[in-house]
Every structure is written in structure tokens, then in C-alpha cells.
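Asker: With the sequence up front, the predicted model follows.
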Number of protein chains: 2
Amino acid sequence: MTTLKDVAEMAHVSVSTVSYVLNGKKTVRPETLLKINAAIKELGYYPNQIAIGLKTKRTYTIGVILPDISNSFYADIIKGIEDTVHLSGYSVILCNTENDENREMKYLNTLLGKDIDGLVFIGTGKTKDISGKFGSRPVVLVDRKFGNEFSSVSVNNILGGYLATKRLLRDSSDIIFLSGPASVNTISERKIGYRNALVEAGVAFNEDNVIECDFTYDGGYNAIIGILAEHRRIRAVFASNDEIALGAMRAMIENGVKIPDEVKIVGYDDIRLAAMYTPALTTIRQPKYKMGKRAGELILDMIMNKGGEPKQVVLEPVLVERETT
Amino acid sequence: MTTLKDVAEMAHVSVSTVSYVLNGKKTVRPETLLKINAAIKELGYYPNQIAIGLKTKRTYTIGVILPDISNSFYADIIKGIEDTVHLSGYSVILCNTENDENREMKYLNTLLGKDIDGLVFIGTGKTKDISGKFGSRPVVLVDRKFGNEFSSVSVNNILGGYLATKRLLRDSSDIIFLSGPASVNTISERKIGYRNALVEAGVAFNEDNVIECDFTYDGGYNAIIGILAEHRRIRAVFASNDEIALGAMRAMIENGVKIPDEVKIVGYDDIRLAAMYTPALTTIRQPKYKMGKRAGELILDMIMNKGGEPKQVVLEPVLVERETT
DNA sequence: TTTTTTTGGTCAAACGTTTGATTTAATTCT
DNA sequence: AGAATTAAATCAAACGTTTGACCAAAAAAA
């Protein structure tokens, strides 16, 4: 490895001179500049970020903790983050928790030791009290919120639920809500939106119409199979994510119910599959990439300006209409 | 930030003593141990990895360069990598090139400066000569190969093409190969497998049956629409990835051709959608997660054992049969 | 008891930078 | 030409660790 010292020796100047020109903090005589540049090139020198980090307390690295990178929702978010921060010279450390709180804790500690400049945190949601877990560094929460203590970027889930339900209401007032686990915050908000749309339209909210199922393809599938087994008529379904919707559709197709002729469906998220399915799924699009982008901007801002007041940015979901409605 | 020095002062010992106990490199009197541990706890001390890295030349960080994290193929790979290396205390830096060679170059330089311990590289494929780009650190290539100069983990694409074609051959000898860009290595290997299966079965290889299309859903869709427009009869399709297959299916469904009754289809990759589609797609599964896992193991091995001979591991794809055959 | 060995601990240099303080050289002003 | 100013370059300490060399005291061997 070539160091500043090697360069300095070759150029017959001091280490600090080289450092100064590298950082453009002082001017030097044109000829010295030439010598130094020549030496740098000749030796193939590049600065050691570790040493710089030790001195400056800036690592140009941010950590991202998230539940599952192979879930396209999170993949899109991290892509948004990486895309924006890399423009400012930052790298991102990926921490995949697999929804395991212990692993989450472990990563938190690792990252603290690594002296990251900032952290984007998408928790498992199992840990309720996260205050004081981050030390004093900039943190932004994504798709989660804990009061106003931390900066966050989230999307308006109440609106999302409302939009979906309202669309369905055009065709039927009997709408089944295929809910994920009610304990998850985002889900319960979607339910509120669902309810709001209902009461606004003057239709009674009926708890029997909300069915709590696994947050998966199979969850949706089984839920519909269950309903069908009761010989209950289905007219419209709002699924709290797209995979559930797809599973539900599968169950219907298998049982010969026609979509969208007999049943209308709207999902949530707008994952890649949604548009590729046949029939293509109407859904509430989450601005995933944008969430990541805004999170990246927020964290960069906090790093540059040494904190400041926590900011809450909330994005708006949009209904994208396709073939299931 | 609390440092070793703070701990040392509080425990009334020297800095080195604390360091030694932290690393378990020397034994100390039980009472000193107690004092030190107490001080560590009291101060909430955790070691500064940057400083450690500077001294030891070990950052416990590996870089992963890949074309697109929002592509589930790569997402699964990086998940495999992260899962395995994190067990040995390594973090991964994510570098998303967006298939841009300039960005790829930039990341390479950044990572060199960061003093990563190793690099997993999934190039854009546009850069042909990658020798000498990595300096001397451990590198493993995934899903790509450049002679035997570097360690690599890849999957046997010839076998994959063969397996798919052989399955299709059971129903028809007229098999269309929806190829991605022929310039990509993995694709051309799949084509070789396709050809091998054909000749083995004594059916003539017909270049008209291989259709080069975009490596996307739309690519597959358009290709089939094109064929249908020529009133050409389709009996079996081997698509070089699942998205192409899905697009192709869409085109067929729209035109009333029955799958699998009239046309059999097999895709490639086994992405998440494949199983969720209706009809569920028969496909060649790439062991994505395992590829990542093996890559992680390889890089760890190289780090521990200071290099050694480059190893080539090649994994086997498997046919997973679903509803389109 | 004296010498040797072991145990428990400290010293100080080093890793590759940055940067305030300082020195030296070059330029401008009388 | 000499003094004053400015520009260019250097010194040396610091960042938080690790680790080979060293030392003192206690334990074991002579």
C-alpha cells in the first residue's frame, strides 16, 4: 500500500503539503503541484479512508437496517437510499435482520462501533422502545414511526386504505378486508382508511368483513378458501398487500370465480408481480423508491447540519388501476 | 465517545492492559479483570472499529458490487452473502451499479480506499478485462467467470438449458427458445444446452426457433405477439428467464391459447412470481441464495487463509415442475 | 539464600491521515 | 536596500487502537 509518505518522498515535499493539495485547502506553487500529481500517478496512490475516518470522525458510510432484502419492497427502498447517498460519496452498509430482534440488536452494536455517519432504520417492529438505542447519531426511520423523537419517512396508510376502499365502493358495498396481523401499525392504519371510506359512503362497518390472515400468498389463498367454504358470496376484496391479493386471486380462479366480472380486487404495495399477473392487479402503489430517496436526503441533511429538529415526511400512496377492478 | 484510555484511567491500569484483556491475549489477576470490566460497563465503552482497522488492517467489511438490487435474483444472492459472512462478524457494503460501467469503476475505487477485506463482484458484463482492477485483495466473481484467474461461483447454464429443453421434448420437438441478448455469457450457455438436448434427441437445431428478445416481460410479450402474427403455430417455449416467460404467457392468454394444453412453457431462474402465477410456471431454479452463501464462504476462506489458489465452484440448476408443463 | 522462571503489568512506537502552529522563502512596499 | 507583508511549505501532535519489548514482583528451582 502506498501512503502519503511515499508520495511526499517521491515528490520531495512534506506529508502535510501533499495532504493539503489533496484536500485543496492550501495553494502550492504550480511546479510542486506537478511533482505531487506525478508522484501520485506513478505510485497509484489513493487515500486510506480508514485513517481519514480516524482523524476526521467521518466515515462516509451510513448503515441501513431492514427486515428482508429479498422482499422487493425493502429492496426498492434501499435502492433509493443508495442511489441518493452515493452521489455525495457515501457508502451503505446493508444489515438484513430476517425479522429477528436479536440480530437487529447485534447490528445496532456493530454499526455503532463502525462509526457510521448515520443510520436508516426499518425495524422488525417487535421492539417497541427504541429510544436511546442509537446513541447520538443521525437516524431516520422508514415506514415506521415512534412519536416525533426521530426523523422519519412514511406513507399515509390511512389514505391508502381509503383510496382502495373508495374504488371498490363503486361496484359493491360489501367489501372484505384481508388484513395482515393487526398488531402491525401500518396495517391497522389501512384498516382505519377502509373504515373511513365505508362510513363516508354511509355503509356500516362490519367486523365480520375483516379477516386477519398471514401476511403472505398462502395467507390470502387460505382466507378465500375459508370464505368460499362457508358458501359466502364475495363481491369485493381489499387485501392489505399484493401477495395476499395474489393468493386470494389464485383461490378464486381455482374455484371458477371470475375476476373482475364477479369479484373486484385491490391490493397494496404495487410489487413487480402486480403488473405482470393475469389479470393485472389493481393496487395501491407505495412510493418505495421515493421513500428511500427521501430517507437518503434526510440523513444526508442531518449529517451536514449536525442534527437539528427531527423532520417527519409523509408520502402519499396512489391508486393504480389495472384489470382486477 | 469513550476510549480505551478512559477505561484504563477509571480502572487504574494502563491502556495496553485493557486492550490485552479485551482481546484475551494475556491473562490478568482476577481483581484487575473485575476492575476493568466494571469500568467498561460503567462507561458504556465499545471499541472503535476504525482505529482497530487502522492498526490491524482488518476492517471486517466486505464489498458487494452488483447490477441491480431490486432484481430479486441479485437480492437473493446478496442475502446469501450477508447471512453467511455476518456470522463471522463481517459487514457488507452494498454497491448497486445500475448496470452502469462508470458507476462500477467508481465503486471499485471507493472500496479500495475503504480497505475492505474482500470483494464479491457481479459485474455489468460490459467491461471485458477486469484483471488488475482489484488490487491484491480477495475477490470472488458470482455468475460470471474470467478464466481461472479469480475464484468464482457460477451455475451450470448448459445443464439448465439442457434440462429445460429435455422436459419440453417430451411433448414436442418444435421448441422455441426465447433468448435474451446473445452477447451475455450465461444466455449463450443456456442456448448450448438447448441445442445439446435437441441433437441428443435427434432433432435438428433450427436457428429460426431461437428468437432474441429483450430480457424483460415486455420482451417476451412482444416476441410471442410477433410469432402469432405470422400465424406460426407454437407448441413449446423455453424462455431464458422467468420474466420473459411471463410476458410470453400473457401474450398467449390474451390470444386465447391454452397453457399448458396447447403450449408448454418453461422459464429460467425461479423468481418469486413463478410459483404465484396462474398457471404456476415450470422453470429452472437457480440456487440464488446458495450462490451467495458459497460466495460468502469462499471470500471468508480467502481472507482467513491469505488467498491461495483460486477456486471455481459451479452449482447445479434444477427443474421445478409446475403447471405450465 | 541466590538464581531462574513465571506472572502481571507498563512503555512506547506504529498504523495513515489532518491541521493548528510555525518556519522559510518570495514578494511588495517605503 | 531593508522592513513589512504575503505566500509556500514544514513540524509535530493527535485520532484510538495493537503489540513487541521491557520491567518488577512473586513463585519455583537451584
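Answerer: Good, I have the coordinates. Here the structure is a predicted model, which means the values were calculated and not measured.

Asker: State the pLDDT value of the most centrally placed residue in chain A.
Answerer: Central residue of chain A (C-alpha atoms, centre = their mean): A:I77, 3.7 Å from the mean position. Note on A:I77: pLDDT of 97.

Asker: Ok, A:G307 next?
Answerer: For A:G307, the pLDDT comes out at 68.

Asker: and what of A:I175?
Answerer: 97.

Asker: returning to that earlier point: in a strand, that's where the residue nearest to the centre of chain A is, yeah?
Answerer: No - if the criterion is DSSP: H, G, I helix; E, B strand; the rest coil, then A:I77 is helix and not within a strand.

Asker: Would you confirm that it contacts A:K288?
Answerer: Yes - contact criterion C-beta atoms under 8 Å: A:I77 and A:K288 qualify, at 5.3 Å. In short, each C-beta sits where N, CA and C put it, glycine included.

Asker: Phi first, then psi, for A:F150.
Answerer: phi -120, psi 150 (degrees, to the nearest 10).

Asker: Could you do A:F146 as well?
Answerer: When read as degrees, to the nearest 10, the backbone of A:F146 gives phi -140, psi 90.

Asker: So what pairs up with it in the strands?
Answerer: For A:F146, the beta-bridge partners are A:N148 (DSSP bridges).

Asker: so who does it touch?
Answerer: A:I130, A:S131, A:S152 (C-beta atoms under 8 Å, 6 or more residues apart in numbering or on different chains).

Asker: most surrounded residue in those residues?
Answerer: A:S152 (24 neighbours; other C-beta atoms under 10 Å in any protein chain shown).

Asker: just checking, that one touches A:L141?
Answerer: Yes - judged on C-beta under 8 Å, A:S152 makes contact with A:L141 at a distance of 4.1 Å.

Asker: gap between the residue nearest to the centre of chain A and DNA strand C?
Answerer: Counting by C-beta to the nearest atom of the strand, to the nearest Å, the separation of A:I77 from DNA strand C is 32 Å.

Asker: Excluding chain neighbours, give the residue nearest to that residue in space.
Answerer: In space, and not counting its chain neighbours, A:I77 is closest to A:G292: 4.0 Å by C-beta to C-beta, 6 or more residues apart in numbering or on different chains.

Asker: isn't that neighbour right next to A:F73, touching?
Answerer: No - between A:G292 and A:F73 there is no contact under C-beta under 8 Å: 10.5 Å.

Asker: For these two, work out which one has more neighbours and name it.
Answerer: Each of A:G292 and A:F73 has its neighbours counted (other C-beta under 10 Å); A:G292 has more, 27 against 20.

Asker: That one: what's it in contact with?
Answerer: Counting by C-beta under 8 Å, 6+ apart, A:G292 touches A:D76, A:I77, A:I78, A:K79, A:G80, A:I81, A:E82, A:D83, A:T84, A:V142.

Asker: Any chance of the backbone angles for the closest residue to the fifth one other than its chain neighbours?
Answerer: Meaning A:G80. Nearest non-adjacent residue to A:G80, counting by C-beta to C-beta, 6+ apart: A:G292, 2.3 Å away. With angles defined as degrees, to the nearest 10, A:G292 sits at phi -60, psi -40.

Asker: Poorly predicted segments of chain A, please.
Answerer: A:127-129, A:307 (pLDDT under 70).

Asker: repeat that for 90
Answerer: Flagging of chain A using pLDDT under 90 yields the residue ranges A:1, A:70-72, A:99, A:108-115, A:123-137, A:144-149, A:180-185, A:215, A:272-273, A:304-309.

Asker: Let me see the ranges of the helices in it.
Answerer: A:4-11, A:15-23, A:30-43, A:49-56, A:72-85, A:101-114, A:157-169, A:185-200, A:217-229, A:242-254, A:272-276, A:288-304 (DSSP state H).

Asker: Please verify my assumption that A:D68 contacts A:Y74.
Answerer: Yes - assessed by C-beta under 8 Å, A:D68 is found in contact with A:Y74 at 5.9 Å.

Asker: who's in contact with A:G226?
Answerer: Taking C-beta under 8 Å, 6+ apart, we find A:G226 in contact with A:I211.

Asker: Could you do A:I253 as well?
Answerer: Per C-beta under 8 Å, 6+ apart, neighbours of A:I253: A:I259, B:T278.

Asker: and if we set it to 6 Å?
Answerer: Applying C-beta atoms under 6 Å, 6 or more residues apart in numbering or on different chains, we find A:I253 in contact with B:T278.

Asker: Please identify the nearest residue in space to A:E323, excluding sequence neighbours.
Answerer: Distance criterion C-beta to C-beta, 6+ apart; nearest residue to A:E323, sequence neighbours excluded, is A:P279 at 3.6 Å.

Asker: I figured the one you found hits A:R322, correct?
Answerer: No - using C-beta atoms under 6 Å, A:P279 is not in contact with A:R322, being 7.2 Å away.

Asker: ok, A:K311 - how many residues close by?
Answerer: For A:K311, the number of neighbouring residues by other C-beta under 10 Å comes to 15.

Asker: Nearest spatial neighbour of it, chain-adjacent residues omitted?
Answerer: In space, and not counting its chain neighbours, A:K311 is closest to A:S151: 5.0 Å by C-beta to C-beta, 6+ apart.
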